[in-house]
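# prediction below, plus the sequence it came from.
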Number of protein chains: 2
Amino acid sequence: MSNKKAVVLVSGGLDSATILAMAREQGFDCYALSFDYGQRHRCELEASAEVAKTLGVLEHRILQLDLRQFGGSALTDDTIDVPQSLGDGIPVTYVPARNTIFLSMAMAWAEVLGALDIFVGVNAVDYSGYPDCRQEYIEAFEKMANLATKSGVEGNHLSIHTPLIDLTKADIIRQGTRLGVDYGKTLSCYNPDERGLACGVCDSCRLRAAGFVTAGVADPTHYQG
Amino acid sequence: MSNKKAVVLVSGGLDSATILAMAREQGFDCYALSFDYGQRHRCELEASAEVAKTLGVLEHRILQLDLRQFGGSALTDDTIDVPQSLGDGIPVTYVPARNTIFLSMAMAWAEVLGALDIFVGVNAVDYSGYPDCRQEYIEAFEKMANLATKSGVEGNHLSIHTPLIDLTKADIIRQGTRLGVDYGKTLSCYNPDERGLACGVCDSCRLRAAGFVTAGVADPTHYQG
């Protein structure tokens, strides 16, 4: 058994299930962190609990954090519609400062746990419109984190791991499939129904479905209708 | 009237009341942000509302954010005592990642408001034991923030203002007094009683009281007994 601890951000989607499996493969004892941030698709939280349990985390915490108070995104603001097709530029599904807030919380928990590793499933290929999914952003966050924390000041290096950052959706699915991830338990859809079934037509569903096709892996997603 | 907007982190303490007055003096329309993060001294939140109101903010939001879930600090963990004297190194009153979490939230609100300025009352002189009160940390955060956000990507520079960073407590009190801040409405104590009266003996009270003495300003703090 390893005694290396890692905090892993787990949303319940395909990407974060994959990084959890990857962190475990690297020998980390994993602590999963999810956020109840007022997202429309609350069944994502149930998926995150299922994913965390299936992949053997030592602890899973869901932190309440009401980002709806700020609005500004289709994912947290009911007055903005979720688009069903890809557009140019930064998507309306972008949640202001979301990754920074999530990573900050992971940093806080890591410090209390004595963990020096944080895993986050950001991806610059499929989500190129999100500024906080880019490598240069992650590097800047890591540098800041090492100046912010007690462990950093004491000379221990905190690492932000983004093993998916340059992978295509198909590559991610291949990696996860190799590690035994059950993607049928994950949920990526922006517009799931009340049973947690995927719509099959939003940006996120399309990218995911295309990934399974390209990877040559049967799509286990539970779709509506 | 200016149409420059700034998000100002307001704790209800002496420092943040001063930066709010400074931001206003610089012509900013101020949006005050406070956190209900499970701190022991909840009367601080009442002080923050009073300070925000007195100093004419356009809006004051108190965000729920339960940092007690992580523990690790005397300010949020009931099992750790708040010390009554200054020690060496990083104090037990340090809350892991607190400034990073607060600044991340300020960044989110700033982006939704279209504000490019954030004011935070960090101070490297009196709180030299806190890693996230240092200039190099703030610079790293600002760099990260400009890579993280839509406004940064679009070429607008987000600035983190720390006008108190190199000031002594006495300097801060002189500045605020010049700007008409009523420090009797602020609360800095780590151990206030249920009426919100300051203990007069904790680190924070001592630094504050000494500041008034050095500044030659009458101390308007409401002390217990």
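Here it is on my side, so go on. Numbers count the residues shown, from 1 in each chain, chains lettered A, B, ... in the order given.
# every contact and neighbour count from this point should use C-alpha atoms.
Will do.
# list the contacts for the nearest residue to residue A:137 once chain neighbours are set aside?
Leaving aside its sequence neighbours, residue A:137 sits nearest to residue B:147 (CA to CA, 6 or more residues apart in numbering or on different chains; 5.3 Å). Residues in contact with residue B:147 (CA atoms under 8 Å, 6 or more residues apart in numbering or on different chains) are A:131, A:132, A:136, A:137, A:140, B:153.
# can you tell me the element residue B:147 falls in?
Assigned by DSSP states H and E, residue B:147 belongs to helix B:135-148.
# ok so, going back, which one (most neighbours) among the contacts of residue B:147?
Tallying neighbours with other CA atoms under 10 Å in any protein chain shown puts residue A:132 at the head of those, with 30 neighbours.
# give me the pLDDT for it.
With respect to pLDDT, residue A:132 scores 88.
# just confirm it is within a helix.
Yes: inclusion of residue A:132 in a helix is indicated when DSSP: H, G, I helix; E, B strand; the rest coil is applied.
# how close does it get to residue A:141?
10 Å (CA to CA, to the nearest Å).
# ok, now residue A:5?
Distance from residue A:5 to residue A:141, by CA to CA: 20 Å.
# more crowded one of these two?
More neighbours surround residue A:141 than the other of residue A:5 and residue A:141, with 27 against 21 (other CA under 10 Å).
# pretty sure the more buried one contacts residue B:139?
No: using CA atoms under 8 Å, residue A:141 is not in contact with residue B:139, being 11.5 Å away.
# alpha carbons of stretch A:182-200, as PDB, please.
Presented in PDB, the C-alpha positions along stretch A:182-200 are these (Å, rounded to 0.1, in the frame of the first residue of the first chain):
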ATOM      1  CA  ASP A 182     -17.500   1.800 -16.100                       C
ATOM      2  CA  TYR A 183     -18.600   4.800 -18.100                       C
ATOM      3  CA  GLY A 184     -22.200   3.700 -17.800                       C
ATOM      4  CA  LYS A 185     -22.100   5.200 -14.200                       C
ATOM      5  CA  THR A 186     -20.900   8.600 -15.400                       C
ATOM      6  CA  LEU A 187     -23.000  11.500 -16.600                       C
ATOM      7  CA  SER A 188     -21.700  14.200 -18.900                       C
ATOM      8  CA  CYS A 189     -24.900  15.700 -20.300                       C
ATOM      9  CA  TYR A 190     -25.900  19.400 -19.900                       C
ATOM     10  CA  ASN A 191     -29.600  18.600 -20.200                       C
ATOM     11  CA  PRO A 192     -30.300  15.300 -18.500                       C
ATOM     12  CA  ASP A 193     -33.900  14.400 -17.600                       C
ATOM     13  CA  GLU A 194     -35.100  13.800 -14.000                       C
ATOM     14  CA  ARG A 195     -34.000  10.100 -14.200                       C
ATOM     15  CA  GLY A 196     -30.400  11.200 -15.000                       C
ATOM     16  CA  LEU A 197     -30.600  10.100 -18.600                       C
ATOM     17  CA  ALA A 198     -28.500  11.900 -21.200                       C
ATOM     18  CA  CYS A 199     -30.200  14.000 -23.900                       C
ATOM     19  CA  GLY A 200     -27.800  12.900 -26.700                       C
END
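# centre of the chain to that stretch, how far?
15 Å (CA atoms, centre = their mean, to the nearest Å).
# cool, stretch A:5-16 as well?
On the basis of CA atoms, centre = their mean, stretch A:5-16 sits 5 Å off its chain's mean C-alpha point.
# compute the first-to-last residue distance for it.
Counting by CA to CA, the terminal residues of stretch A:5-16 are separated by 17 Å.
# who in chain A is up against chain B?
Contact residues (CA under 8 Å from any CA of the partner chain) of chain A with chain B: A:63-66, A:70-72, A:90, A:96-98, A:100-101, A:104-105, A:107-109, A:111-112, A:131-132, A:136-137, A:140-141, A:143-144, A:147-150, A:153.
# can I get the buried part of these as one ChimeraX selection?
Remark: buried members of the residues of chain A next to chain B, expressed as a ChimeraX selection using 16 or more other CA atoms under 10 Å in any protein chain shown:
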select /A:63,65,66,70,71,72,96,97,98,100,101,104,105,107,108,109,111,112,131,132,137,140,141,143,144,147,148,149,150
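# before we move on, back to that, possible to save the contacts of residue B:147 as a markdown table with distance to residue A:172?
Output for the contacts of residue B:147, formatted as a markdown table (distance: CA to CA, whole Å):
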| residue | distance to residue A:172 |
| --- | --- |
| A:131 | 20 |
| A:132 | 19 |
| A:136 | 21 |
| A:137 | 21 |
| A:140 | 24 |
| B:153 | 27 |
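# for stretch A:168-185, give the mean pLDDT please.
On average, stretch A:168-185 scores 96.
# which positions within it qualify as buried?
By neighbour count with 16+ other CA under 10 Å, stretch A:168-185 contains the buried residues A:168-177, A:181-183, A:185.
# of those, closest to residue A:194?
Within the buried residues of stretch A:168-185, distances to residue A:194 taken as CA to CA reach their minimum at residue A:185, with 15.6 Å.
# quick check, residue A:122 in a helix?
No: per three-state DSSP, residue A:122 lies outside any helix segment and is coil.
# burial count for it?
Residue A:122: 26 surrounding residues under other CA under 10 Å.
# tell me the pLDDT at it?
Listed pLDDT for residue A:122 reads 92.
# so what's it up against?
A:15, A:133, A:134, A:162, A:164, A:165.
# again with residue A:5
A:28, A:29, A:30, A:31, A:113, A:114, A:115, A:116, A:117.
# and for residue A:23?
Residue A:23 makes contact with A:6, A:8, A:30, A:119, according to CA under 8 Å, 6+ apart.
# what's the helix or strand for it?
helix A:14-25.
# give me the number of residues near residue A:125?
15.
# and residue A:194, by the same measure?
By other CA under 10 Å, the residues close to residue A:194 number 10.
# report the separation between it and chain B.
From residue A:194 across to chain B, the span is 27 Å (CA to the nearest CA, to the nearest Å).
# and residue A:50, by the same measure?
21 Å.
# is it true that that residue touches residue A:184?
No: judged on CA under 8 Å, residue A:50 makes no contact with residue A:184 at a distance of 10.5 Å.
# quick one: contacts for residue A:99?
Per CA under 8 Å, 6+ apart, neighbours of residue A:99: A:132, A:133.
# which of the helices or strands spans it?
Using DSSP H and E, residue A:99 sits within helix A:98-113.
# which of the contacts of residue A:23 has the most neighbours?
residue A:8 (31 neighbours).
# tell me who's in contact with that residue.
Counting by CA under 8 Å, 6+ apart, residue A:8 touches A:19, A:20, A:23, A:30, A:31, A:32, A:33, A:106, A:118, A:119, A:120.
# and the closest residue to residue A:142 other than its chain neighbours, how far is that from residue A:97?
In space, and not counting its chain neighbours, residue A:142 is closest to residue A:160: 6.1 Å by CA to CA, 6+ apart. Counting by CA to CA, the separation of residue A:160 from residue A:97 is 17 Å.
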